[in-house]
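Trainee: need coordinates for the below:
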Amino acid sequence: MPNNDQPAPRRKPPRIGPITGLTATSSSSSPAPVVPAATQTAPPKPTELPAYEFLGYLPESYGTKKLFLVARDPHILFAYWDLSPVQYQEAARAAHDGKVFLEVYVPGEGRVQQIHIWDSHKNWYLQVNRPDTAFIAQLGYYRPDGSFEVLARSAEVKTPRDTLSPNTDAKFVTIPFHVSFRELYDMIAAQSQPGEELADTLARLQHTNYELPFQARVPRDLTPQESDELLEYLGDEEVRRQMVGSFEITEILQKRFETMVSSGQWASSAGAAVGAGAWVTSLSSPFGASFGAKERGFHMHVNAELIIYGGTEPNAKVRIDGQDITLSKDGTFSYHFVFPDGQFHIPIDATSADGVETRSALLSFLRMTELEGDVRKTGQPVLAEPIGRK
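Mentor: Residues are numbered from 1 along each chain as shown. Below is the predicted model of the structure:
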């Protein structure tokens, strides 16, 4: 008989194949979605930055031959231009005198200024002293036949005026802070005209000496005697030249007073100031306009500059007044200075590269300016003062 007590053979567990039926939304064993391997994407690679590219330096000039003119203020123009060194040298060679000029014209009148420029110049300040006037500038040179060859011409510009506005509609009124607008309205409502604003009504009443329950300070013009006393005290031709009102004169007085106090001059001149214009302290600001006579258009301005230039061997050593200077590649040098009044002795020494030979020169300059009448200084670029002042 078969032995039924033997244990049955153990069965192997069934082999579970890869799960293919679950999707990102049908997984019941994990909260994270299951994505098939075929649909997974690799992370993006970092973008490689391009290597640094040196684009070079900005050129000294683009050679466009353009000239621009702008009005800095009522009395000074500013010109700047784009002319390459090659273009400048070509123009200088074509000129009968080797010079290139910046010229300024008033349309309908003619030339008012002419400046000899160098290839190192890129801009220039021009003191024209012509408010409310149109100007045109041009760059060029004179040909052997005497005609002017224009390299560049600017657009027409106009300087602003330097006088008070002709619009005199401004009104000044005293509005007391301790009185409310309702009280102020009730106070002057009976005097108001149809369509008149509250401030206009109050200004009209204050100028007609209408009696009000508060003090109103009415601005006034300076009398001719007061203006003469002020101008005599100031002693300033610039103030006389400009058509300024009493408000501007007060600002000038205040600035001059601050300067005198800071420099210690007030102690010696205060007595004269009080005697000549003690009434100034009783006036308030603003006073209103005080107009003078229109000035004539005739004018004059003059100035001087100093240019030292020369050359030697490119590898030589050059000193000006004991200071080493840098030579150009061809061994030349050039220095541009303002030239104020005074005496200047400027020694220049050159030594060969091997130190065997030396050359020297002593340049002496003297400027003594005497002016008669209203003569002003022509505008200049920002330059250093010559070395060697004695």
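Trainee: okay, CA-based contacts and neighbour counts for the rest of this
Mentor: Will do.
Trainee: run a quick neighbour tally on residue 357.
Mentor: 10 (other CA atoms under 10 Å).
Trainee: ignore the last one, residue 100
Mentor: Using other CA under 10 Å as the criterion, the residues surrounding residue 100 number 24.
Trainee: what about it, distance to residue 378?
Mentor: Here residue 100 is placed at a distance of 19 Å from residue 378 (CA to CA, to the nearest Å).
Trainee: over to residue 163?
Mentor: Applying CA to CA, the value for residue 163 to residue 378 is 21 Å.
Trainee: which intervals of the protein have sub-threshold pLDDT?
Mentor: Low-confidence regions of the chain, defined here as pLDDT under 70, cover residues 1-42, 46-47, 49-50, 217-222, 227-228, 230-297, 381.
Trainee: rerun at 90
Mentor: Judged by pLDDT under 90, the chain has its weakly predicted residues at 1-61, 109-110, 119-121, 129, 146, 161-311, 314, 319-346, 355, 364-390.
Trainee: where along it do the helices fall?
Mentor: Along the chain, the segments classed as helices by DSSP state H run 85-94, 181-188, 198-207, 224-234, 237-241, 246-263, 266-277.
Trainee: output the contacting helices and strands for the second one.
Mentor: Helices and strands touching helix 181-188, as assessed by 3 or more CA pairs under 8 Å, 6 or more residues apart in numbering; DSSP states H and E, comprise helix 198-207.
Trainee: next, the buried residues of stretch 316-324.
Mentor: Residues of stretch 316-324 classed as buried under the neighbour-count rule (16 or more other CA atoms under 10 Å) are 316-318, 320.
Trainee: same question for stretch 344-353.
Mentor: The neighbour-count criterion (16+ other CA under 10 Å) identifies 344-352 as the buried residues of stretch 344-353.
Trainee: stretch 364-376 too?
Mentor: The neighbour-count check on stretch 364-376 (16+ other CA under 10 Å) flags nothing as buried.
Trainee: and if you look at stretch 81-94?
Mentor: By neighbour count, and taking 16+ other CA under 10 Å as the criterion, the buried residues in stretch 81-94 are 81-85, 87-89, 91-92, 94.
Trainee: got the buried residues of stretch 316-324 as CSV, with distance to residue 327 columns?
Mentor: Putting those into CSV (distance: CA to CA, whole Å) gives the following:
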residue, distance to residue 327
316, 8
317, 8
318, 8
320, 12
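Trainee: inside strands: which ones of these?
Mentor: Secondary structure assignment by DSSP state E places 317-318, 320 of these in strands.
Trainee: quick check: of those, which lies closest to residue 369?
Mentor: Distances from those to residue 369 were compared by CA to CA; the smallest belongs to residue 320, at 25.9 Å.
Trainee: OK, contacts around the closest residue to the closest one other than its chain neighbours?
Mentor: Spatially, and ignoring its direct neighbours in sequence, residue 320 is nearest to residue 348 (4.5 Å; CA to CA, 6 or more residues apart in numbering). Contact partners of residue 348, counting by CA atoms under 8 Å, 6 or more residues apart in numbering, are 318-322, 360-363.
Trainee: rerun that using 7 Å as the cut-off
Mentor: Residue 348 makes contact with 319-321, 360-362 under the criterion CA atoms under 7 Å, 6 or more residues apart in numbering.
Trainee: okay, these in CSV with distance to residue 205 next?
Mentor: Supplementary listing: the contacts of residue 348 in CSV, determined by distance: CA to CA, whole Å:
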residue, distance to residue 205
319, 77
320, 74
321, 73
360, 82
361, 79
362, 77
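Trainee: and the contacts of stretch 75-87?
Mentor: Residues external to stretch 75-87 that are found in contact with it (CA under 7 Å, 6+ apart): 61-72, 119, 122-131.
Trainee: in PyMOL, how would I select just the buried ones from those residues?
Mentor: Of those, the buried ones can be selected in PyMOL as follows, counting by 16+ other CA under 10 Å:
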select buried, resi 65+66+67+68+69+70+71+122+123+124+125+126+127+128+129+130+131
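Trainee: can I see the domain layout of the chain?
Mentor: For the chain, automatic domain parsing gives the domain ranges 66-158, 173-218, 224-282, 300-377.
Trainee: deepest of these, which one?
Mentor: With neighbours defined as mean count of other CA atoms under 10 Å, those peak in mean count at domain 66-158, which reaches a mean of 17.
Trainee: what is the end-to-end distance of that one?
Mentor: With CA to CA as the measure, the ends of domain 66-158 fall 19 Å from one another.
Trainee: next up, the contacts around the nearest residue to residue 142 once chain neighbours are set aside.
Mentor: In space, not counting the residues next to it along the chain, residue 142 is nearest to residue 148; the distance is 4.5 Å by CA to CA, 6+ apart. Taking CA under 7 Å, 6+ apart as the contact definition, residue 148 lies against 140-142.
Trainee: with distance to residue 389 added, can I get the domains of the chain in CSV?
Mentor: Shown next, in CSV, are these (distance: least, CA to CA, whole Å):
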stretch, distance to residue 389
domain 66-158, 26
domain 173-218, 56
domain 224-282, 25
domain 300-377, 4
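Trainee: quick one: which of the ones you listed is nearest residue 390?
Mentor: domain 300-377 (5.7 Å).
Trainee: okay, now the closest one: how far is its last residue from its first?
Mentor: One end of domain 300-377 to the other measures 9 Å (CA to CA).
Trainee: how about stretch 172-192?
Mentor: Start-to-end span of stretch 172-192 (CA to CA) is 17 Å.
Trainee: contacts for that stretch next, please.
Mentor: Where contact means CA under 7 Å, 6+ apart, the residues beyond stretch 172-192 that reach it are 199, 201-203, 216-217.
Trainee: repeat for stretch 298-309
Mentor: 333-339, 375-378.
Trainee: end to end on it, go ahead and measure it.
Mentor: Criterion CA to CA; first-to-last residue distance in stretch 298-309 is 36 Å.
Trainee: for stretch 355-375, same thing?
Mentor: Chord length of stretch 355-375, first to last residue, is 50 Å (CA to CA).
Trainee: same check, this time on stretch 80-99
Mentor: By CA to CA, one end of stretch 80-99 lies 18 Å from the other end.
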